[in-house]
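Novice: Curious how this folds, go ahead:
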Amino acid sequence: MSLYLLSAINPTKRVINLLHRIFAKFFWSGNRGERRKHWVAWEDICFPKKEGGVGFRTLHGVTKALFSKLWWRFRVSTDSLWITYMWNKYCKKQHPVIAGARGASHVWKKIMEMRKEVEQEIGWQIKSGNSSFWYDNWTRKGALYLTNEEDIEVQMCINNGEWDKEKLCELVSEEVVVQIIKNIKLNVRQDEVGQPWWMLNTSGIFSVKSAFEIVRDRKPQQDWLENIWLQEIPFKIIFFPIEGRKWENCNGGQSKKYEGIASFKMLLL
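Specialist: From the prediction side, this is the model:
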């Protein structure tokens, strides 16, 4: 299956769950493909080892990460026919950060859903100051548009290469002004437009892997789970202590049916 299709068709939860069922049958089957018991639900496997999984990724999370990439491209690219078309259709009268999805295609609706989760991770380097003062995250603390929706550029608050404190005070609170002047050093370059920066990577370049980490489901980390991954123990047997821990937590350690599994977990520790 080509994963890029997940960013083009936005499959329903039912379709993804059917695919997960196929993955699970393959994972738990024997050498000849015979049917075997599924010791752990596929959804529980798809977590990092410290969270009680194997490290697989759910297609739900992968789909979200791929649509996050579409939002990144839409926000930062200007040389794409697709972006030009989507911009003219949905953002001609509004900034993308506040554009709506009513009556839109299923792809745009999914992109808008991911906007809520990843937009705050896109920072903007000021450069010539052409970034939107209210809607672009040039402060690296989040966009300021909740305060005001009048669209102006950052360069309106710069005077001779320095922050214009009086102008800033007209727009935002004094506390925000202090943070801007203290933390954001200007290096104005009139010949360069503001550049986007993916704040989850030191290189500033977007990656689906880093996006997946912020959109995936999570469980509390438990250090003991890393200790059970031993090369000498068959892979599928390792799930026994994980299941034993679940039943301990659910039944207060009183379940006789799973007492052996819980004891096996203690031996591994």
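Novice: In this structure, mark out all the helices, start to finish.
Specialist: Counting by DSSP state H, the chain has helices at residues 6-9, 13-28, 42-45, 59-76, 81-90, 106-118, 165-171, 174-183, 208-215, 239-251, 259-268.
Novice: which stretch in those is the model least sure about?
Specialist: Per-stretch mean pLDDT for the helices of the chain is lowest at helix 259-268 (a mean of 47).
Novice: Contact partners for residue 152?
Specialist: By CB atoms under 8 Å, 6 or more residues apart in numbering, the contact set of residue 152 is 132, 133, 134. Heads up, the C-betas are built off the backbone N, CA and C, glycines and all.
Novice: Let's see that with 7 Å instead.
Specialist: Neighbour list for residue 152: residue 133 [criterion: CB atoms under 7 Å, 6 or more residues apart in numbering].
Novice: Backbone dihedrals for it, both of them.
Specialist: phi -130, psi 170 (degrees, to the nearest 10).
Novice: got the buried residues for stretch 62-81?
Specialist: Buried residues in stretch 62-81, counted by 16 or more other CB atoms under 10 Å: 62-72, 74-75.
Novice: And residue 7, how far from residue 213?
Specialist: From residue 7 across to residue 213, the span is 17 Å (CB to CB, to the nearest Å).
Novice: Equivalent analysis for residue 111, please.
Specialist: For residue 111 relative to residue 213 (CB to CB), the value is 19 Å.
Novice: Burial check on residue 102, number of neighbours?
Specialist: The number of residues packed near residue 102 is 6, by other CB atoms under 10 Å.
Novice: can you give me phi and psi for it?
Specialist: Dihedral pair for residue 102: phi -70, psi 130, per degrees, to the nearest 10.
Novice: Compare residue 111 and residue 213 (neighbour count), which wins?
Specialist: Taking neighbours as other CB under 10 Å, residue 111 and residue 213 compare with residue 111 leading, 25 against 14.
Novice: wait, isn't that one in contact with residue 70?
Specialist: Yes: using CB atoms under 7 Å, residue 111 is in contact with residue 70, at 5.4 Å.
Novice: contacting residues for the closest residue to residue 138 other than its chain neighbours?
Specialist: Spatial nearest neighbour of residue 138, excluding adjacent residues (CB to CB, 6 or more residues apart in numbering): residue 124 at 4.3 Å. Counting by CB under 7 Å, 6+ apart, residue 124 touches 131, 136, 137, 138, 194, 196, 197.
Novice: out of those residues, which are inside strands?
Specialist: 196, 197 (DSSP state E).
Novice: Number of residues surrounding the residue nearest to residue 198 when sequence neighbours are not counted?
Specialist: Take residue 198 and drop its neighbours on the chain: the residue closest to it by CB to CB, 6+ apart is residue 206, 4.4 Å away. By the other CB under 10 Å criterion, the neighbourhood of residue 206 contains 23 residues.
Novice: Surely residue 206 is in contact with residue 72?
Specialist: Yes: assessed by CB under 7 Å, residue 206 is found in contact with residue 72 at 4.5 Å.
Novice: and residue 78, how far is that from residue 92?
Specialist: 15 Å.
Novice: Per-residue pLDDT of residue 105, please?
Specialist: At residue 105, pLDDT is 89.
Novice: Now it, what are its backbone angles?
Specialist: phi -70, psi 160.
Novice: Quick one: residues contacting residue 119.
Specialist: Residue 119 makes contact with residue 97, according to CB under 7 Å, 6+ apart.
Novice: at 8 Å what do you get?
Specialist: For residue 119, the contact set (CB under 8 Å, 6+ apart) comprises 71, 75, 97, 137, 143.
Novice: Distance to residue 56 added to those, as a markdown table?
Specialist: Shown next, in a markdown table, are the contacts of residue 119 (distance: CB to CB, whole Å):
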| residue | distance to residue 56 |
| --- | --- |
| 71 | 25 |
| 75 | 30 |
| 97 | 34 |
| 137 | 32 |
| 143 | 35 |
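Novice: Closest one of those residues to residue 19?
Specialist: Nearest to residue 19 out of the contacts of residue 119 is residue 71 (CB to CB; 23.6 Å).
Novice: From what I see, the closest one and residue 113 are in contact.
Specialist: No: look at residue 71 against residue 113 with CB atoms under 8 Å: they stay out of range, at 9.4 Å.
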